[in-house]
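A.B. asks: for reference, the sequence and a predicted model appear below.
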Protein chains: 2
Amino acid sequence: MGRPRKFSEQDVLATARRQFNETGYHGTSVDDLSRATGLSKGSLYAAFGDKEALFQRVFEEYCANSEEGAAALLEGPEDQALDRLRRWLTVPDNHTGRHGCLLAKATAELASENDAIATRSLAAYETLLDSCRQLVEQAQRAGHLDPAADAEVLGGLILTTHRGLEALAKAGVDAKTRNRIADAAIDSIALRVS
Amino acid sequence: MGRPRKFSEQDVLATARRQFNETGYHGTSVDDLSRATGLSKGSLYAAFGDKEALFQRVFEEYCANSEEGAAALLEGPEDQALDRLRRWLTVPDNHTGRHGCLLAKATAELASENDAIATRSLAAYETLLDSCRQLVEQAQRAGHLDPAADAEVLGGLILTTHRGLEALAKAGVDAKTRNRIADAAIDSIALRVS
DNA sequence: CAGGTTCTGGACCGATCGTTCAGAACTCCG
DNA sequence: CGGAGTTCTGAACGATCGGTCCAGAACCTG
């Protein structure tokens, strides 16, 4: 009963995410969001609370996606772990952005002023780190990495590389160069075989 | 002739840089800058033009500093190149931030809307990459790195690691962990010896 | 000390910010 | 068909934004 919603909450979240990703949190006004989503400001507030709450929704969904993507790294034969890592660090040649850019961007902009974002961001880092660590352990069991190496630290190195590639993407470095760097990173790590 | 300035332009730029670094460009109002520097808005505008021009000054100085820091990597005996790299990637244990954070932050926030910032940021990346490449070549000549490796790509890998460590710092990862990752990165790269 | 110059801080501007709300629009149930 | 219940819309709010302006204090030179 009552008037039904004219919009899909998921669509709005996706559009808002695109907008936040392009212009940042402070750089995106509620009018911008209203224009981008086609919803009036009143509807936005009725559906999501306020601007910060809307961003939290977007950010949470984003973190969850990133975590799922990293967790998917672990699915498959252990002796193909490094191949899955290569695909994770690599991006289509025509891709200017990168899957994980909102996380890095929002963290940089808001972590120092918004405790909830900072906490969630750190939690996502821990989860991603854990996936990377498990991936290293898979590769170690498959004999593709030095079994004596500290998996925790090596996982951290992989995650560092992932974030560094995002930063380079944002600095305007083209996808081809980034992929060559990604390959070099995996080559370097893969040399750690006993 | 005339009344002399009561403030040091360098001090104001340093304070503004701290403020921009903490709260971002859009998150920092001119009133904030006025409060932080102790200067009235009138004086700020008389001395620096407008908010964007002030930021450009801060950003330019910042980029130049980063470039100098990277260039300093090349000064010293070639057989100590990897040691200098280690010091560059490492940070004091009590350090929560990181020398290069404004660059990454401003780039993420403004590159898509401000061509001047985007251009300068990319130029800084190119310069830093060049320094890293030369460092790799030094290490190669000293026999500490595989002479057959592509110095350009390996330099890019080092820069990627540098930026990735900045991102982790912003995500809340402690300095000790980051330094262990930095060591692992250098270890991995150093394995590339023929 | 006098005259000229610059710096300073606060009042002020229009624009935009995030947010609210009254009323129109619409669906469903009785 | 009519009223209850929900959503949508656009106008309007106060606060704050970036930016301007100027009267007067502060300072240097002669």
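C.D. replies: Thanks, I have the structure now. Numbering: from 1, shown residues only, chains lettered A, B, ... in the order given.

A.B. asks: all helices for chain A, in order.
C.D. replies: Using DSSP state H, the helices of chain A run over residues A:9-23, A:30-37, A:41-48, A:51-71, A:81-89, A:101-110, A:115-141, A:151-170, A:175-190.

A.B. asks: wait, which of the ones you listed is closest to DNA strand D?
C.D. replies: helix A:41-48 (2.4 Å; C-beta to the nearest atom of the strand). Backbone N, C-alpha and C define where each C-beta goes, glycine included.

A.B. asks: how many other residues sit next to A:Thr15?
C.D. replies: 17 (other C-beta atoms under 10 Å in any protein chain shown).

A.B. asks: mind listing what it touches?
C.D. replies: A:33, A:36-37 (C-beta atoms under 8 Å, 6 or more residues apart in numbering or on different chains).

A.B. asks: next one, pLDDT for the residue of chain A found nearest DNA strand D please.
C.D. replies: Using C-beta to the nearest atom of the strand, the closest approach of chain A to DNA strand D is made by A:Gly2 at 2.0 Å. For A:Gly2, the pLDDT comes out at 77.

A.B. asks: same check, this time on A:Leu159
C.D. replies: 95.

A.B. asks: the residue nearest to it when sequence neighbours are not counted: neighbouring residues, count only.
C.D. replies: With C-beta to C-beta, 6 or more residues apart in numbering or on different chains as the measure, A:Cys132 is the residue that lies nearest to A:Leu159, at 5.1 Å, once sequence neighbours are left out. Using other C-beta under 10 Å, A:Cys132 is surrounded by 26 other residues.

A.B. asks: how near is A:Leu39 to A:Gln56?
C.D. replies: 18 Å (C-beta to C-beta, to the nearest Å).

A.B. asks: tell me how many other residues crowd the spatially closest residue to A:Asp130 that is not a sequence neighbour.
C.D. replies: Once flanking residues are discounted, A:Asp130 sits nearest to A:Gly155: 7.6 Å by C-beta to C-beta, 6+ apart. Using other C-beta under 10 Å, A:Gly155 has 22 neighbouring residues.

A.B. asks: report the contact partners of A:Gly155.
C.D. replies: With the criterion set at C-beta under 8 Å, 6+ apart, A:Gly155 makes contact with A:129-136.

A.B. asks: A:Thr107 now?
C.D. replies: So A:Thr107 contacts A:117-118, A:121, B:167, B:170-171 (C-beta under 8 Å, 6+ apart).

A.B. asks: rerun at 7 Å
C.D. replies: A:121, B:170-171 (C-beta atoms under 7 Å, 6 or more residues apart in numbering or on different chains).

A.B. asks: nearest to A:Val91, of these?
C.D. replies: Using C-beta to C-beta, B:Ala171 comes nearest to A:Val91 of these, at 20.6 Å.

A.B. asks: and the spatially closest residue to that closest one that is not a sequence neighbour, how far is that from DNA strand C?
C.D. replies: Excluding the flanking residues, the one nearest B:Ala171 by C-beta to C-beta, 6+ apart is A:Tyr125, at 4.6 Å. Between A:Tyr125 and DNA strand C the distance, using C-beta to the nearest atom of the strand, to the nearest Å, works out to 27 Å.

A.B. asks: with A:Glu67 instead?
C.D. replies: 27 Å.

A.B. asks: got a list of what that residue touches?
C.D. replies: A:124, A:127-128.

A.B. asks: what of A:Leu85?
C.D. replies: Neighbouring residues of A:Leu85 by C-beta under 7 Å, 6+ apart: A:73, A:135, A:158, A:186.

A.B. asks: model confidence for it, exactly?
C.D. replies: 96.

A.B. asks: ok, now A:Thr96?
C.D. replies: pLDDT, read off for A:Thr96, is 60.

A.B. asks: for chain A, what helix or strand is lowest in average pLDDT?
C.D. replies: helix A:101-110 (a mean of 78; mean pLDDT, DSSP states H and E).

A.B. asks: now it against helix A:51-71, angle please.
C.D. replies: Helix A:101-110 runs at 130 degrees relative to helix A:51-71, counting by axes from the mean of the first three to the mean of the last three C-alpha atoms, to 10 degrees.

A.B. asks: show me what contacts the closest residue to chain B within chain A?
C.D. replies: In chain A, the residue that lies nearest chain B is A:Gly164 (3.0 Å; C-beta to the nearest C-beta). Counting by C-beta under 7 Å, 6+ apart, A:Gly164 touches B:160-161, B:163-164, B:167.

A.B. asks: what's the neighbour count on the residue nearest to A:Ala71 when sequence neighbours are not counted?
C.D. replies: Excluding the flanking residues, the one nearest A:Ala71 by C-beta to C-beta, 6+ apart is A:Ser131, at 5.4 Å. If you count neighbours by other C-beta under 10 Å, A:Ser131 ends up with 22.

A.B. asks: how near is A:Ser131 to B:Ser188?
C.D. replies: Distance from A:Ser131 to B:Ser188, by C-beta to C-beta: 19 Å.

A.B. asks: rewinding a little: comparing A:Leu39 and A:Gln56, which residue is more hemmed in?
C.D. replies: A:Leu39 (22 against 17).

A.B. asks: domains in chain A, by residue range?
C.D. replies: A:1-49, A:59-190 (automatic domain parsing).

A.B. asks: and the last one, anywhere near DNA strand D?
C.D. replies: By that I understand domain A:59-190. No - using C-beta under 7 Å from any atom of the strand, domain A:59-190 stays clear of DNA strand D, with a minimum separation of 12.4 Å.

A.B. asks: ok now that domain, how far from the chain's centre?
C.D. replies: Taking C-alpha atoms, centre = their mean, to the nearest Å, one finds domain A:59-190 lying 8 Å from the centre of the chain it belongs to.
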